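Colleague: based on what follows, work out the 3D shape:
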Amino acid sequence: MIPLDVQARIRRLFYAEHWTIGTIATELGVHHDTVARVVGTERLGRPVGLVRASALDPYKAVVADVLAQHPRLRATRLHGMLRARGYPGGVVMVRRYVRTIRPAARAEAYLRLQTLPGEQGQVDWGHFGAVQVGHARRPLLCFVLVLSWSRALYARFALDQSLESFLRGHVEAFAAVGGVPRALLYDNLKSVVLERQGDHVRFHPRLLELAGHYHFAPKPCAPYRGNEKGKVERTIQYLRHSFFAARRVTTLADLNAQLARWITETAHARPVPADPAGRRVGEALEEERPRLLPLAAHPFPCDVVRPVASGKTPYVRFDGNDYSIPHALVRKPLTLVADEQTVRVVDATTEVARSSRLPPTWPRWRRRSARPTSCAGGTSCAAPVPTRPRSWTPSPPAANPSPPTPAASSSSAPATGRRSSTRRSPTSSRAAPPVPPLSRTSSTSAPAPAAPRRRSPPCSPTTRACATSS
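Modeller: The predicted model follows:
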């Protein structure tokens, strides 16, 4: 509906100034059908609000009944249902009618949930974009646990969202807050819920082991109801805007150290939201800690344990890197056990290799092999460096460079007009130029630069003796 002043201006331009409908529409910035309707109502004298019969009239009751049961059903689906019942019209008329009778969405009311001290905690993952680790682009995620009463929090950044990182976040969070809440509220992520049919939930067995170890009750939210764990959702936004924004990321360990300091100095120094006593989060945590469940005598094991087997080469692949094993164990089933620092390979109950864990910082075709620090059983480990290394670092120049030997001098070359084919001496005075760390070479040592050479004359059409390079 256009305003009355615009309607009056349209009628004045049409009847008094005798403008055409197209000119009026262009001048006023309205559709020409609107101008024609305003002008035609007065000129033709048609009554306003005249309702004419349509082909949809016999089917309006069906549309109303379906919308009463399914208020969000699309008009295109309703049109298909009416066509099956003999409706001859198009979808436009159905859309216009549905727009007038569709039930309006009810405004949902939310209650403020109050919990007792030590009663509930909320857990979730937060996504913080991606970071560059070496030559790989890795997602940056943050495990967050919040105590519902005191709003004390624990957060830890990780480069994956694996089950082991999820369990390790729980163990470190319980140790940080000094206890375990009696119930933990989760979203329906796969690390928690494997299957759900209504109120019947099948939990992940590793999460049930963690809950049995620390004596808490896991409780998943209803599907698509993230507001049920609004405290941890709001805390993730607080982390994203108050801590992570405009912060330089160097290493994951440094980022987690900065986060731990920020939680102690800033997050736990803020007032508890909606607390009538005006307590700080740190003070409320000290009051809530005696109400938490005590920690277990031993922390829950969070190591990665998976079966592995090598191919024709004495290496096993884990997390994008190759780790050496004894050559006698090629093509044999083994067990890999990995924590945050170490990767161990076990044959039955005997440890056969131990290596430092490497982050997957290279693309798959440019990854290095990890050199094991020890091989058990007295067996010889395979060489960790392949025959064609994918990367190398140029060695530093010599401290006291020696002068070039006579063999490397250009005067030792025969005076035949050809370029000298004498190779460079390894004791050349100039250092090797810097090489990118991922250049493809066939040697692990940087060659010495070439000595000055004389320029050879161009080839002649009648002479086959052309200058050749070494």
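Colleague: okay, strands next: where are they in the stretch 151-300 of the chain?
Modeller: 153-158, 183-186, 193-197, 200-203, 217-220 (DSSP state E, counting those that start in this stretch).
Colleague: scratch that, the stretch 1-150 of the chain
Modeller: Under the criterion DSSP E, counting those that start in this stretch, strands of the stretch 1-150 of the chain are mapped to 120-133, 136-147.
Colleague: looking at those strands, which one is packed in the most?
Modeller: strand 136-147 (a mean of 20; mean count of other CB atoms under 10 Å). In this view, the C-beta of every residue, glycine as well, is placed from N, C-alpha and C.
Colleague: just checking: what are the partner strands of that one?
Modeller: According to DSSP bridges, strand 136-147 has the following sheet partners: strand 120-133 (antiparallel), strand 153-158 (antiparallel).
Colleague: just the residues contacting the last one, thanks.
Modeller: Applying CB atoms under 8 Å, 6 or more residues apart in numbering, the set of residues contacting strand 153-158 from outside is 126, 128, 140-147, 165, 168-169, 172-173, 176-177, 235, 239, 252, 255-256, 259, 263, 267-268.
Colleague: check the offset of stretch 172-186 from the chain's centre.
Modeller: Between the centre of stretch 172-186 and the centre of its host chain there is 25 Å, according to CA atoms, centre = their mean, to the nearest Å.
Colleague: put the alpha carbons of it into PDB.
Modeller: Listed in PDB are the C-alpha atoms of stretch 172-186, where the atom choice follows Å, rounded to 0.1, in the frame of the first residue of the first chain:
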ATOM      1  CA  GLU A 172      42.900 -30.500  32.300                       C
ATOM      2  CA  ALA A 173      39.800 -28.500  33.100                       C
ATOM      3  CA  PHE A 174      39.000 -30.600  36.200                       C
ATOM      4  CA  ALA A 175      42.500 -30.100  37.400                       C
ATOM      5  CA  ALA A 176      42.400 -26.400  36.700                       C
ATOM      6  CA  VAL A 177      39.100 -25.700  38.600                       C
ATOM      7  CA  GLY A 178      40.000 -28.100  41.400                       C
ATOM      8  CA  GLY A 179      37.000 -30.500  41.200                       C
ATOM      9  CA  VAL A 180      34.300 -32.000  39.000                       C
ATOM     10  CA  PRO A 181      30.700 -30.700  38.600                       C
ATOM     11  CA  ARG A 182      28.000 -33.300  39.200                       C
ATOM     12  CA  ALA A 183      26.600 -32.900  35.700                       C
ATOM     13  CA  LEU A 184      28.000 -31.700  32.400                       C
ATOM     14  CA  LEU A 185      25.800 -30.200  29.600                       C
ATOM     15  CA  TYR A 186      26.900 -31.000  26.000                       C
END
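Colleague: in it, what's buried?
Modeller: Under the neighbour-count criterion of 16 or more other CB atoms under 10 Å, stretch 172-186 has 172-174, 176-177, 179-186 buried.
Colleague: any chance of TSV for those residues, columns pLDDT and distance to Ala222?
Modeller: Listed next are those as TSV, based on pLDDT from 0 to 100; distance: CB to CB, whole Å:
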residue	pLDDT	distance to Ala222
Glu172	96	28
Ala173	97	24
Phe174	97	26
Ala176	96	29
Val177	95	26
Gly179	96	27
Val180	97	24
Pro181	96	20
Arg182	96	20
Ala183	96	15
Leu184	96	16
Leu185	95	11
Tyr186	95	12
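Colleague: ok, these vs Leu285, which is closest?
Modeller: If you rank the buried residues of stretch 172-186 by distance to Leu285 using CB to CB, Val177 comes first, at 6.8 Å.
Colleague: so what's Lys229 up against?
Modeller: Contacts of Lys229 by CB under 8 Å, 6+ apart are Gln122, Asp124, Leu185, Tyr186, Asp187, Cys221.
Colleague: helices along this protein, start to end?
Modeller: 4-11, 21-28, 32-44, 60-69, 75-84, 91-101, 163-177, 205-214, 230-238, 252-265, 281-288 (DSSP state H).
Colleague: give the buried residues for stretch 258-278.
Modeller: In stretch 258-278, counting by 16+ other CB under 10 Å, buried: Gln258, Leu259, Trp262, Ile263, Ala267, His268, Val272.
Colleague: return the member of those residues nearest to Pro307.
Modeller: Leu259 (34.8 Å).
Colleague: before we move on, back to that, columns distance to Leu334 on top of the contacts of Lys229, output as TSV?
Modeller: Listed next are the contacts of Lys229 as TSV, based on distance: CB to CB, whole Å:
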residue	distance to Leu334
Gln122	40
Asp124	36
Leu185	39
Tyr186	34
Asp187	36
Cys221	40
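Colleague: where does this structure have low pLDDT?
Modeller: 41-51, 360-470 (pLDDT under 70).
Colleague: ok, now with 80
Modeller: 1, 41-52, 105-113, 133-136, 198-199, 224, 226-227, 320, 359-470 (pLDDT under 80).
Colleague: OK, contacts around the most centrally placed residue in it?
Modeller: Ranked by distance to the mean C-alpha position of the chain (CA atoms, centre = their mean), the top residue is Pro139 at 3.8 Å. By CB under 8 Å, 6+ apart, the residues touching Pro139 are His127, Gly129, Ala130, Leu159, Asp160, Gln161.
Colleague: can you list the residues you listed in a markdown table and add distance to Leu111?
Modeller: Listed next are these as a markdown table, based on distance: CB to CB, whole Å:
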| residue | distance to Leu111 |
| --- | --- |
| His127 | 28 |
| Gly129 | 34 |
| Ala130 | 38 |
| Leu159 | 38 |
| Asp160 | 36 |
| Gln161 | 31 |
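Colleague: closest to Glu351 among those?
Modeller: Distances from Glu351 to the contacts of Pro139, taken by CB to CB, are shortest for Asp160, at 25.0 Å.
Colleague: if I look at that closest one, how far off is Ala64?
Modeller: 52 Å (CB to CB, to the nearest Å).
Colleague: Leu73 is nearest to which of the strands of the stretch 151-300 of the chain?
Modeller: With distances scored as CB to CB, the stretch of these nearest to Leu73 is strand 193-197 (24.3 Å).
Colleague: parallel or antiparallel, which strands does that closest one pair with?
Modeller: Sheet pairing of strand 193-197 (DSSP bridges) gives strand 200-203 (antiparallel).
Colleague: ok, how many other residues are close to Leu255?
Modeller: When neighbours are counted by other CB atoms under 10 Å, Leu255 registers 21.
Colleague: and the gap between it and Leu56?
Modeller: Using CB to CB, one gets 62 Å for the distance from Leu255 to Leu56.
Colleague: run through who's touching stretch 332-348.
Modeller: With CB under 8 Å, 6+ apart as the criterion, stretch 332-348 contacts 168, 302-310, 316, 318-319, 323, 325, 329, 351-357, 370.
Colleague: buried ones among those residues?
Modeller: For those, a burial check counting by 16+ other CB under 10 Å picks out 168, 302, 304, 308, 310, 316, 318-319, 323, 325, 329, 352-355, 357, 370.
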